[in-house]
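A.B. asks: Mind folding the following:
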Amino acid sequence: MASADTDAQTPEKKSKLPLIIGIVLALLGAGGGFFVTYSGMLDSLLGGEAGDHAAPSEDAHGAPADTGHGAAAADDGHGGDSGDGSAAGYVPLSPIVVTIGQRGETRHLRFLAQLAVAPGAAGAVTNLLPRIVDVLNIYLRALDPFELEEPAALMRLRAQMLRRVQIVTGPGMVNDLLIMEFVIN
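C.D. replies: Numbering: from 1, shown residues only. Sure, this is the predicted structure:
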């Protein structure tokens, strides 16, 4: 009878196999999601423009088309005439100077950028420049000076600012934010 009591008191060990399988599947899903996003496959699946990730076109004989390196007549698709009367372009932002840091250790950030806009959207984006500068001013003013010292800070800041500008202008108006000057003194 004593052996029946000890069998009832010892709990059975649960298998850790479902936990391990769950962790492996989560890591595979995260890695796959990163690859799809980083490679640009997500843009093509959602109907976005594939111009930035497309391979160079080929001529009728299967040879790669001349990319125009060294040729004056080449059009890289950035600001040139696309042939249908509408041209993609750039809208310059006025220089922004903000103070960053606490009162005792005040530093200044000088920021200058241009917006790469969709064909025919330059006028509409120009009309929204006061709101765009306001959003960028507020974002840059809120930065911590220690954030700016990180090696990858400029890439992260550029992505954050582009997202804020795209929210202000609406979808499809601004394609990129080109940082021309980013000086801290």
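A.B. asks: Okay, and L112 sits in which element?
C.D. replies: Assessed by DSSP states H and E, L112 sits inside strand 107-117.
A.B. asks: where along the protein do the helices fall?
C.D. replies: Remark: helices assigned in the chain by DSSP state H are 2-9, 17-39, 41-45, 122-127, 129-141, 145-148, 153-169.
A.B. asks: Go through stretch 109-118 and flag the buried ones.
C.D. replies: By 16 or more other C-beta atoms under 10 Å, the buried positions in stretch 109-118 come out as L109, F111, L112, A113, L115, A116, V117, A118. Every residue, glycine included, has its C-beta placed from N, CA and C.
A.B. asks: Return the member of those residues nearest to L28.
C.D. replies: Closest approach between the buried residues of stretch 109-118 and L28, by C-beta to C-beta: A116, at 35.2 Å.
A.B. asks: Need the per-residue pLDDT for the closest one.
C.D. replies: At A116, the model reports a pLDDT of 94.
A.B. asks: I'd like to know how far it sits from A122.
C.D. replies: A116 sits 10 Å away from A122 when distances are taken as C-beta to C-beta, to the nearest Å.
A.B. asks: before we move on, the earlier item: let's have the buried residues of stretch 109-118 in TSV, adding distance to I21.
C.D. replies: Supplementary listing: the buried residues of stretch 109-118 in TSV, determined by distance: C-beta to C-beta, whole Å:
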residue	distance to I21
L109	48
F111	48
L112	52
A113	47
L115	47
A116	45
V117	48
A118	45
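A.B. asks: List the strands paired with the strand holding L112, with their directions.
C.D. replies: Sheet pairing of strand 107-117 (DSSP bridges) gives strand 89-92 (antiparallel), strand 96-100 (antiparallel), strand 174-184 (antiparallel).
A.B. asks: Return the distance of I138 relative to L162.
C.D. replies: From I138 over to L162 the distance is 15 Å, taken as C-beta to C-beta.
A.B. asks: between the two, who's got more neighbours?
C.D. replies: Taking neighbours as other C-beta atoms under 10 Å, I138 and L162 compare with L162 leading, 18 against 11.
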